[in-house]
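Trainee: my questions concern the predicted model and sequence given below.
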Amino acid sequence: MACGRAAETPAVASPPASTLATREKDVIEAALRESKGRVSGPFGAAARLGVAASTLESKIKALQIDKRRFKSG
């Protein structure tokens with residue numbers, strides 16, 4: 001007698017990628033605003049977010065964030 005088990009995978013509710021990218025962009029922009037556009041160093045956005053400066057630079061580029069607009073002048 002064959003056991004007829006359905007191969008079901010539980011549905012995981014995940015936000016759309018655009019929402020995730022928007023949230024990520026908002027968090028990065030807030031950190032850049034607080035650090036006055038500085039990415040690296042002890043008072044930079046990367047330190048505030050707990051990520052490497054090179055990682056944050058990559059994210060800034062991928063999300064097309066203009067970090068210069070956060071610099072105080």
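Mentor: That came in fine, so what should we check first? Numbers count the residues shown, from 1 in each chain.
Trainee: tell me which residue is most central in this protein.
Mentor: Closest to where the C-alpha atoms of the chain average out (CA atoms, centre = their mean) is residue 24, at 3.3 Å.
Trainee: got a list of what that residue touches?
Mentor: Listed by CB atoms under 8 Å, 6 or more residues apart in numbering, the contact set of residue 24 reads 59, 63. For every residue, glycine as well, the C-beta is placed using N, CA and C.
Trainee: now residue 60
Mentor: The contact partners of residue 60, by CB under 8 Å, 6+ apart, come to 28, 32, 39, 67.
Trainee: now it: which helix or strand?
Mentor: Assigned by DSSP states H and E, residue 60 falls within helix 53-62.
Trainee: buried ones in that helix, by neighbour count?
Mentor: Under the neighbour-count criterion of 16 or more other CB atoms under 10 Å, helix 53-62 has 56-57, 59-60 buried.
Trainee: now do the helix-or-strand element of the chain with minimal mean pLDDT against helix 53-62, angle only.
Mentor: Every helix and strand of the chain was ranked by mean pLDDT, DSSP states H and E. The lowest is helix 17-34, at a mean of 93. Angle, helix 17-34 to helix 53-62, by axes from the mean of the first three to the mean of the last three CA atoms, to 10 degrees: 120 degrees.
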